[in-house]
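>>> Below is the sequence, then the predicted model.
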Amino acid sequence: MTEKYNINKLTIQTECVDAIKTLMEKYKDDDYIIQRIYSHIVIYLPNTLENESKNHEKRINRNNHLTEEQQIFIQIFLSKHKYYYLSNNNFFFEYDGEKYMIIKEDDIIHKLLSSISKDRVLVDWKYKTKMNVIKQIKERSLFSSIPESDTIQKILNILYPSFFTSKNLVKYFLTIIGDNILKKNNSHIYLVSSKMKQFLNEIDSISLATIGNTNTTSNFMTRYHENHSYENSRLIKINENFSIEVWRELLKKYGLDLLCVAVHYSKRYENSDKFIEIKADEEISNYVNYLKNTCPQNIVNDFCNKYIVEVSDEFTMDWKHIHFIWKQFLSTYSLPNVIYSNTLKNLLKDKYNLYDDKSDTFIGITSKHLPIHSDFIKFFENTISISENIDINNANKKIVFINELELDELASLFKIWSKENNNIIMSNGNISEENILKILIHFFPSIEIAEDKYILNITTKLWDKLSDINKSFEYIKEKLILDKNLTYITFEEVYNYYYKFCKINSFKFIVSKRYFEKYLYFKLYDHIDYDKFIKTSIFLSVL
């Protein structure tokens, strides 16, 4: 570089001398021009060059000063204002140490130019500084940010214990989400419940809206398929009593924070498998890696050890009951159904030699989990009938009353029936509503169930609900006649009278307020005022 500079310098010197010689030769006979050449070169040029040299040095010093000031300003500005960027959706982000937010580029520029104006030193360079700052922000990926402890703890506290049973499970879940955002572990699938899939769908929505990611939870599956390998399958579970509406609102406020914490965990622990290896306790590790560390035969053996008992040939279990308690086993241990029905049956045939094809029955086995289910099925088949809808045609529309029993009513009826039939049943009659629902879905698939609580179009010979209500009407009328000043009566007041009538007469069961009001709507459809009011005169005359 120095040698090249010296060559250029020598060339310039030569060219300058040659230029003067050429001018002197050209004007050698013109004394005036010769005098002007002399004045320009000898008298004016040294001063001009001296001034230019000083101005040039000032410009260099000023430029160096402003460059240094600009670097300091940018460093301080970007330290005080943590701005980030994602090129895939062209979004800018700000992190205030507690919360991540999407921010408009115009807002960043406004704050930047305001800061430059206050600084004053860089006023002449404000647009140049602005371009440098925006360029540097665009080089700072949102995923390079490290959340502060307050942000991390906030996300952990939102998810535990409301959604997950331990903080390590929360961290594992977040690490998976981070892996997916950063496109790691593409071969893994995570088997989850359908309720958890709703939870994940909301994360997908907020991920698309904030970071432009379309596959944040695509490897979470609710069903196992034969093309999935056990080796690449992982399990993760969630508390299922959460409200999806509450979760949606939480994500609106903290969704971006959750995604940034997830990416942080993915980077910190390398990937979700490494997290389990390094941080998880034995219980979590065994559950997460249950499929990875097993095979179909081992799962069936585990089921048989816990749910099946080998006994004498007098005992039999039909396939439908075995399949039901298999579902119970999966539910109890929060396992996905990773063995198809035919495969399960064949594995059980291999394990237990006595199987009757005609009756689809296994011989010489039973289950301690079977009696309550078997007894409830007997109860249901012996006491429950399919009910026809009751219709009323009025001038405007056809009014239909659909009979129903609630799960808790079935549980109570079954308990009473069990006491009365203890000579033909094996259980004590105590059954949960959850178990009733599972039995009905599995063994009586044609039964219509609403809201996982109301069994529609059925009646029972153990309790005539409508008869009890109709009997109460005479009692209610007597009470209304005594209260002559009462113009209107509400549905709630009518129900309270019905309730007292049942208590006075020691009825075993009392229909729910919902059922009672539904029947009143049906009976008095044309006479209802203000949604839930009936004129006492109408009540006395119609019912």
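It's in.
>>> what's the single longest helix in this structure?
Criterion DSSP state H: the longest helix present in the chain is helix 45-80.
>>> Show me what counts as buried in that one.
Across helix 45-80, burial judged by 16 or more other CB atoms under 10 Å covers 66, 70, 73-74, 77. Just so you know, the C-beta spots here come from the backbone N, C-alpha and C atoms, and that holds for glycine as well.
>>> for that helix, packing partners?
Here helix 45-80 touches helix 105-119, helix 126-138, going by 3 or more CB pairs under 8 Å, 6 or more residues apart in numbering; DSSP states H and E.
>>> tilt between it and helix 126-138?
Angle, helix 45-80 to helix 126-138, by axes from the mean of the first three to the mean of the last three CA atoms, to 10 degrees: 40 degrees.
>>> returning to what we had before: could I get the helices and strands packed on helix 45-80 in a markdown table, plus columns for mean pLDDT, mean neighbour count and distance to Leu10?
Formatted as a markdown table, those follow (pLDDT from 0 to 100; neighbours: other CB atoms under 10 Å; distance: least, CB to CB, whole Å):
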| stretch | mean pLDDT | mean neighbour count | distance to Leu10 |
| --- | --- | --- | --- |
| helix 105-119 | 81 | 15 | 45 |
| helix 126-138 | 84 | 16 | 37 |
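>>> which stretch among those comes nearest Ser367?
helix 126-138 (64.1 Å; CB to CB).
>>> Mind exporting the C-alpha coordinates of that closest one to PDB?
Extracted C-alpha coordinates of helix 126-138, given in PDB (Å, rounded to 0.1, in the frame of the first residue of the first chain):
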ATOM      1  CA  LYS A 126     -29.700  12.300  12.500                       C
ATOM      2  CA  TYR A 127     -30.900  10.600   9.300                       C
ATOM      3  CA  LYS A 128     -27.500   8.900   8.900                       C
ATOM      4  CA  THR A 129     -27.800   7.800  12.500                       C
ATOM      5  CA  LYS A 130     -31.400   6.600  12.000                       C
ATOM      6  CA  MET A 131     -30.300   4.400   9.000                       C
ATOM      7  CA  ASN A 132     -27.500   2.900  11.100                       C
ATOM      8  CA  VAL A 133     -29.800   2.200  14.100                       C
ATOM      9  CA  ILE A 134     -32.500   0.500  11.900                       C
ATOM     10  CA  LYS A 135     -29.900  -1.500  10.200                       C
ATOM     11  CA  GLN A 136     -28.500  -2.700  13.500                       C
ATOM     12  CA  ILE A 137     -32.000  -3.500  14.800                       C
ATOM     13  CA  LYS A 138     -32.700  -5.600  11.700                       C
END
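>>> For it, report the contacting residues that lie outside it.
Helix 126-138 is contacted from outside by 70, 73-74, 77-78, 83-85, 87, 92, 105, 108-109, 112-113, 116-117, 122, using CB atoms under 8 Å, 6 or more residues apart in numbering.
>>> in the helix or strand just after it, what's buried?
Next in sequence after helix 126-138, counting helices and strands by DSSP states H and E, comes helix 149-159. Under the neighbour-count criterion of 16+ other CB under 10 Å, helix 149-159 has 151-152, 154-155, 158-159 buried.
>>> Out of the residues you listed, which comes closest to Asp273?
Nearest member of the buried residues of helix 149-159 to Asp273, counting by CB to CB, is Leu159, at 20.3 Å.
>>> Quickly note the distance from the closest residue to the closest one other than its chain neighbours to Tyr230.
Spatial nearest neighbour of Leu159, chain neighbours left out: Val170 (4.4 Å); criterion: CB to CB, 6 or more residues apart in numbering. Plainly put, Val170 is 25 Å away from Tyr230 if you go by CB to CB, to the nearest Å.
>>> Please identify which of those two sits among more neighbours.
Val170 (21 against 16; other CB atoms under 10 Å).
>>> quick check: angle from the helix or strand that one falls within to helix 149-159?
Val170 is part of helix 167-181 when elements are defined by DSSP H and E. With the same axes, to 10 degrees applied, the angle from helix 167-181 to helix 149-159 works out at 110 degrees.
>>> For helix 167-181, name the packing helices and strands.
So helix 167-181, by 3+ CB pairs under 8 Å, 6+ apart, packs with helix 149-159, helix 194-211, helix 244-269, helix 272-279, helix 282-288.
>>> What helices and strands are in contact with the shortest one?
For helix 282-288, the packing partners by 3+ CB pairs under 8 Å, 6+ apart come out as helix 167-181, strand 233-235, helix 272-279.
>>> does the residue nearest to Ser412 when sequence neighbours are not counted count as helix, strand or coil?
Of all residues not flanking Ser412 in the chain, Phe509 sits nearest, at 6.9 Å (CB to CB, 6+ apart). Three-state call for Phe509 (DSSP: H, G, I helix; E, B strand; the rest coil): coil.
>>> re the thing from before, let me know the average pLDDT across the helix holding Val170.
Regarding helix 167-181, the rounded mean pLDDT is 96.
>>> could you point out which element follows it?
The helix or strand immediately downstream of helix 167-181 is strand 189-191, counting by DSSP H and E.
>>> and that next one, which strands flank it?
Sheet pairing for strand 189-191, assigned by DSSP bridges, gives strand 220-221 (parallel), strand 233-235 (parallel).
>>> any idea where the strands of the stretch 351-500 of the chain begin and end?
355-356, 361-363, 365-366, 384-386, 390-393, 398-401, 404-406, 448-450, 454-456, 458-460, 488-490 (DSSP state E, counting those that start in this stretch).
>>> picking up where we left off before, could you single out the nearest of the buried residues of helix 149-159 to Phe491?
Nearest member of the buried residues of helix 149-159 to Phe491, counting by CB to CB, is Ile158, at 40.6 Å.
>>> Isn't the closest one up against Leu250?
Yes - counting by CB atoms under 8 Å, Leu250 is a contact partner of Ile158 at 6.0 Å.
>>> so what's Ile41 scoring on pLDDT?
At Ile41, the pLDDT value in this model is 89.
>>> related to what we said a few turns ago, in contact with the residue nearest to Leu159, which residues are there?
Taking CB under 8 Å, 6+ apart as the test, what Val170 contacts is 155-156, 159-160, 163-164.
>>> Thr210 now?
Contacts for Thr210 (CB under 8 Å, 6+ apart) come out as 91, 102, 255-256, 259.
>>> What's the PyMOL line that selects buried ones from the residues you listed?
To isolate in PyMOL the members of the contacts of Thr210 that are buried, counting by 16+ other CB under 10 Å, one can use:
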select buried, resi 91+255+256+259
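>>> Now the two most distant members of the contacts of Thr210.
So, the contacts of Thr210 by CB to CB: farthest apart are Phe91 and Gly255, at 13.7 Å.
>>> Next one: the residue sitting nearest the centre point of the chain from Asn51, what distance?
The centroid of the chain falls nearest to Phe199 when counting by CA atoms, centre = their mean (2.6 Å). Phe199 is 75 Å from Asn51, where distance means CB to CB.
>>> ok so, going back, how about the helices and strands packed on helix 167-181, which one is nearest Cys304?
helix 282-288 (19.2 Å).
>>> next SSE after that closest one?
Next element after helix 282-288 (DSSP H and E): helix 296-307.
>>> Go through that next one and flag the buried ones.
Using 16+ other CB under 10 Å as the test for burial, helix 296-307 gives 299-300, 303-304, 307.
>>> what sits up against that helix?
325-326, 328-329, 335, 338-339, 343-344, 347-348, 351, 367-369.
>>> now with 10 Å?
For helix 296-307, contacts defined as CB atoms under 10 Å, 6 or more residues apart in numbering pick out 230, 290-291, 294-295, 308, 310, 322, 325-326, 328-330, 332-333, 335, 338-340, 343-344, 346-348, 350-352, 365, 367-370.
>>> immediately after it, which helix or strand?
Following helix 296-307 in sequence, per DSSP H and E, is strand 309-310.
>>> That next one pairs with which strands, and in what direction?
Using DSSP bridges, strand 309-310 pairs in its sheet with strand 365-366 (antiparallel).
>>> State the mean pLDDT of the partner strand.
Averaging pLDDT along strand 365-366 gives 86.
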